[in-house]
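>>> after the sequence you'll find the predicted model.
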Amino acid sequence: MREKHVLSSSIQSREAFDAIAAHVGSTDLSEQGWIIWQCIEEYYNTDTAARRVDPEILAEYTARRVSADKHKSMFRDLVQDVAAFDASPANVIDDLIATKRDVAGKRLASALLSGHDIDRVLSEYTTLMASDSLGEEDAPEVRQGLAVEELIAESFREEGLIEVWPPTLNARLDGGVKPGHHLVVFARPEMGKTMAVIEMMAGFVSQGLTVLYVGNEDPIADVNMRIVNRLSLMNKFEVLNNPVEADTKAREAGYDLLIMASLTPGTPREITALIEEHTPDVLVLDQLKNLNMLNDNKVLALEEAAQQARQWAKRYSCVVVSVTQAGDSASGKAVLDMGDMDWSNTGIPGACDLIVGIGANERNLQRGELVISLPKNKISGKHEYFAVLADPSLSQLIPLD
C-alpha cells in the first residue's frame, strides 16, 4: 500500500476516505501514518458535512497526540507534505484491492495447510477476487418490510452462537455471543480478571474454537500453567505429580486449540500480524492498558486500544475479549459499574458490546466468592449481577445459581 497516496486521497476527498476506510488498518501504515489516518477519521467524524480535510486543522489534531515539541513540529511538516501531494483516488483504490487480494491469498493458503476455517476464508477470497471495487464489498444493506418471522430467524437463531463461560454468565447472554462482538473484562488487581478469562477460554476451546491469547501483563508460562490446571481440572501439585495425565486431560479438553503469544507490551501492528497468521475464532487481549498506542495521554491511549480491539473483531469476524483495570472506586466493592473502570469510563464502554466486571466485598471474599456484574450488555440487555464460587487452584469459576 502506498501510504502517501492513501493519506493524500483521504485528505482531498471524503468520498475516497469513505471508500477505503474499512480496508485500512494499523499494519497498513507506518506508526506516523497511522496517527495521521486516525486524525483524518476524527476530522470527518466531527464534521459530517466536510467534503475534504483542512490541512492546518489536521496538523493541529496530530500535534495534540504527542507531547514533545520536536514531534509536534515533525507531524505538522508531515501533514503539510502529504496534503500537498497530488494523488489519484481511483488508483489508490485499485492498489488497495491488489493488496487485499494478496493478503487473502496468503490467508487461504494458511487455512488450507491447517485444515481450519477453510469455508469462511475461501468465501472471503472468492468474493474479493470477483470484486472490481471496494464499494462492492461495503455496499450498505437496505431493508424494508422484512417479515417478522425472517427477522426472528436471523436475529435470534442459536446457530453460530459462541458460549461464554461460566454457564451462569452465558445464560444472561441468551445463549452466547457472535463473531464480531467485543467483550471487556475489568477488575481491581488480584480480583480474578485472569481467572475469568481462563474460564472463558476453557469454554471457547471446548466448543472447538481456536483462541489466540496475547498477554503483556503476567509471565506467559504462569498463565499457561493456570490454563492447564483449568482444562485438566488438576491443581499444580497434581500436575507436578502426574504431568502425563495432566497433558492428556488438557488436550482432550481442547488445549491444542490455544495459541499463546507474549508481547512486551505489543503494538497493533504486531497483534494484527498474529491474527492474520493464526486466524483465531477468539482473540484475548491481556491487557489493553499496556498496548503501545503511541499516545502519551492515558485516557486517549486506552480508548484507541479499545477501538482497535473492536476493529479487529469486525475486520476478522472473531470474538475479542479485552482485559483492563478497575479504578480505586472498585476497591472492596462487589457490584461494579462503568464508572469504576480505570482511566476510561466512557471511551472503552463505547467500543464494546459487553462489559464483565469482577468484584467482591469482604463477605464475598470470606465465602470464596466473586461477583460478576454486567454494566453494559448489548447482547441481551440484561444488566444483572450474580455471585460465583472461585477456585484459584484450578482457575475455575463455579456457578452458584
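That came in fine, so what should we check first?

>>> show me where the stretch 51-200 of the chain has its helices.
55-63, 69-84, 89-114, 118-130, 134-137, 148-155, 167-171, 193-206 (DSSP state H, counting those that start in this stretch).

>>> so which of these is nearest Met338?
helix 193-206 (16.3 Å; C-beta to C-beta). Heads up, the C-betas are built off the backbone N, CA and C, glycines and all.

>>> which neighbouring elements make contact with the closest one?
Taking 3 or more C-beta pairs under 8 Å, 6 or more residues apart in numbering; DSSP states H and E as contact, the helices and strands that helix 193-206 lies on are strand 182-187, strand 211-215, helix 220-232, strand 282-286, strand 319-325, strand 354-359, strand 369-377, strand 396-399.

>>> deepest of the helices of the stretch 51-200 of the chain, which one?
By mean neighbour count, with neighbours taken as mean count of other C-beta atoms under 10 Å, helix 193-206 ranks first of the helices of the stretch 51-200 of the chain at a mean of 24.

>>> do I have it right that Ser317 meets Ile162?
No - contact between Ser317 and Ile162 fails when scored by C-beta atoms under 8 Å: they sit 11.6 Å apart.

>>> just to revisit the earlier point, may I see the helices and strands packed on helix 193-206 organised as JSON lines, with distance to Val205 and mean neighbour count added?
Listed next are these as JSON lines, based on distance: least, C-beta to C-beta, whole Å; neighbours: other C-beta atoms under 10 Å:
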{"stretch": "strand 182-187", "distance to Val205": "16", "mean neighbour count": "27"}
{"stretch": "strand 211-215", "distance to Val205": "6", "mean neighbour count": "23"}
{"stretch": "helix 220-232", "distance to Val205": "7", "mean neighbour count": "19"}
{"stretch": "strand 282-286", "distance to Val205": "9", "mean neighbour count": "26"}
{"stretch": "strand 319-325", "distance to Val205": "13", "mean neighbour count": "26"}
{"stretch": "strand 354-359", "distance to Val205": "19", "mean neighbour count": "26"}
{"stretch": "strand 369-377", "distance to Val205": "21", "mean neighbour count": "21"}
{"stretch": "strand 396-399", "distance to Val205": "14", "mean neighbour count": "19"}
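
>>> out of these, which gets nearest to Leu151?
strand 369-377 (20.7 Å).

>>> show residues contacting the helix or strand that that closest one is followed by.
Downstream of strand 369-377, the next assigned helix or strand under DSSP states H and E is strand 385-391. By C-beta atoms under 8 Å, 6 or more residues apart in numbering, the residues outside strand 385-391 that reach it are 166, 168, 172, 192, 195, 334-335, 364, 368-374, 396-401.

>>> lowest-confidence helix or strand of the chain?
Ranked by mean pLDDT, DSSP states H and E, the weakest helix or strand in the chain is helix 134-137, scoring a mean of 45.

>>> export the helices and strands packed on helix 193-206 to TSV and tack on distance to Tyr44 and mean pLDDT?
Shown next, in TSV, are the helices and strands packed on helix 193-206 (distance: least, C-beta to C-beta, whole Å; pLDDT from 0 to 100):
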stretch	distance to Tyr44	mean pLDDT
strand 182-187	22	98
strand 211-215	30	97
helix 220-232	40	97
strand 282-286	27	97
strand 319-325	25	97
strand 354-359	28	98
strand 369-377	26	97
strand 396-399	43	97
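
>>> next, format the ones you listed as JSON lines and append distance to Asp342.
Below are these laid out as JSON lines (distance: least, C-beta to C-beta, whole Å):
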{"stretch": "strand 182-187", "distance to Asp342": "8"}
{"stretch": "strand 211-215", "distance to Asp342": "19"}
{"stretch": "helix 220-232", "distance to Asp342": "21"}
{"stretch": "strand 282-286", "distance to Asp342": "15"}
{"stretch": "strand 319-325", "distance to Asp342": "4"}
{"stretch": "strand 354-359", "distance to Asp342": "12"}
{"stretch": "strand 369-377", "distance to Asp342": "14"}
{"stretch": "strand 396-399", "distance to Asp342": "22"}
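
>>> what about the nearest residue to Ser393 once chain neighbours are set aside, how many residues nearby?
Excluding its sequence neighbours, the residue lying closest to Ser393 (C-beta to C-beta, 6 or more residues apart in numbering) is Asn235, at 4.1 Å. A count of nearby residues for Asn235, using other C-beta atoms under 10 Å, gives 15.

>>> what's the spacing between Asn235 and Asp286?
Separation of Asn235 from Asp286 (C-beta to C-beta, to the nearest Å) stands at 22 Å.

>>> got it, and Glu270?
Going from Glu270 to Asp286 by C-beta to C-beta gives 15 Å.

>>> now Ser322
For Ser322, the distance to Asp286 (C-beta to C-beta) stands at 8 Å.

>>> same check, this time on Pro280
Pro280 sits 14 Å away from Asp286, going by C-beta to C-beta.

>>> could you do Glu303 as well?
The value you get for Glu303 to Asp286, if C-beta to C-beta is used, is 18 Å.

>>> swap in Ile275?
Distance from Ile275 to Asp286, by C-beta to C-beta: 15 Å.

>>> what comes up buried for stretch 248-268?
249-250, 253-255, 257-258, 260-263, 266-268 (16 or more other C-beta atoms under 10 Å).

>>> for it, how far is the first residue from the last?
Taking C-alpha to C-alpha, to the nearest Å, stretch 248-268 runs 35 Å from one end to the other.
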